[in-house]
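Colleague: got a predicted structure plus its sequence, pasted below:
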Amino acid sequence: MALTNIYKFFRSLEDEHIILSFKGDFTSDLLNAFLHLMEAKMNELNVDLKQRKRVLNVLIESLQNLYHHVESNNDFEIKKVKETALVLVKYFENKFTIQTGNFIENNSLNELKSRLKEVNSLNNDELRGLYKLKLENNTLSVKGTAGLGLIDIARKSKRKLDYHFIEVDEKSSFFCLKIVVE
């Protein structure tokens with residue numbers, strides 16, 4: 001980006017009400033740093049405690065999903081791009097919008113789409129029941145997760161999950177997830 005475009009970039013962040021943005025290799029240290037930054041920002045914005053807890057819960061689950069599910073690749077050039085994650089947090093009219101993006105292998109798409117559709121088809125009571133069922137079954141995926149993240153995000157945001165997949169090439173797609181917390 002040319003130096004003369006920095007102000008335009010700054011203005012676009014301001015116009016879009018973006019309070020946190022990141023693109024890069026996602027680590028556990030970054031996850032912790034994001035949470036501290038968001039807590040400080042919500043203090044600055046005088047966000048009430050109830051909304052603050054819900055936002056942090058959704059953000060934690062979203063960031064953990066990125067941390068656990070960013071696809072890895074052995075080819076160094078591909079790895080630099082494929083392990084990249086994107087996080088944007090917007091605050092406008094007392095609503096937080098958390099948007100994440102990461103690469104996913106196309107052979108994993110159907111399973112993820114199925115889980116997203118299932119979560120979006122359930123009401124709050126059904127989500128609570130599915131959450132308890134998953135906890136009781138205590139089964140972990142290959143990546144060491146229990147599959148509770150999307151369920152918890154839907155429960156805490158009290159909204160359907162907004163998502164989209166963009167095909168990148170024959171092997172991978174970019175998964176975009178948008179969550180609004182009022």
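Modeller: Right, received. Where do you want to start?
Colleague: all contacts plus neighbour counts: C-alpha atoms, from now on.
Modeller: Fine.
Colleague: for this structure, which spans come out with low pLDDT?
Modeller: 1, 69-83, 138-146 (pLDDT under 70).
Colleague: identify the residues contacting the biggest helix by length in the chain?
Modeller: When the chain is parsed with DSSP state H, its longest helix is helix 49-69. Outside helix 49-69, the residues within contact range by CA atoms under 8 Å, 6 or more residues apart in numbering are 26-28, 31, 35, 38-39, 42, 85, 96, 98, 100-102, 104, 143, 145, 149-150, 152-153, 156-157, 181-182.
Colleague: strands of this structure, start to end?
Modeller: Under the criterion DSSP state E, the chain carries strands at the ranges 18-25, 84-92, 95-105, 162-167, 172-181.
Colleague: which one of these lies closest to Tyr131?
Modeller: Nearest to Tyr131 among these is strand 172-181; the distance by CA to CA comes to 18.5 Å.
Colleague: give the pairing partners of the closest one; include direction for each.
Modeller: strand 95-105 (antiparallel), strand 162-167 (antiparallel) (DSSP bridges).
Colleague: tell me which of the strands of the chain is the most buried.
Modeller: With neighbours defined as mean count of other CA atoms under 10 Å, the strands of the chain peak in mean count at strand 95-105, which reaches a mean of 22.
Colleague: how close does the most centrally placed residue in the chain get to Leu161?
Modeller: The residue lying closest to the centre of the chain (CA atoms, centre = their mean) is Ser62, at 3.4 Å. According to CA to CA, to the nearest Å, Ser62 and Leu161 sit 12 Å apart.
Colleague: again with Asp48
Modeller: If you go by CA to CA, the gap between Asp48 and Leu161 works out to 23 Å.
Colleague: who's more crowded, the two?
Modeller: Taking other CA atoms under 10 Å, Asp48 and Leu161 do not tie; Leu161 has more neighbours (19 against 10).
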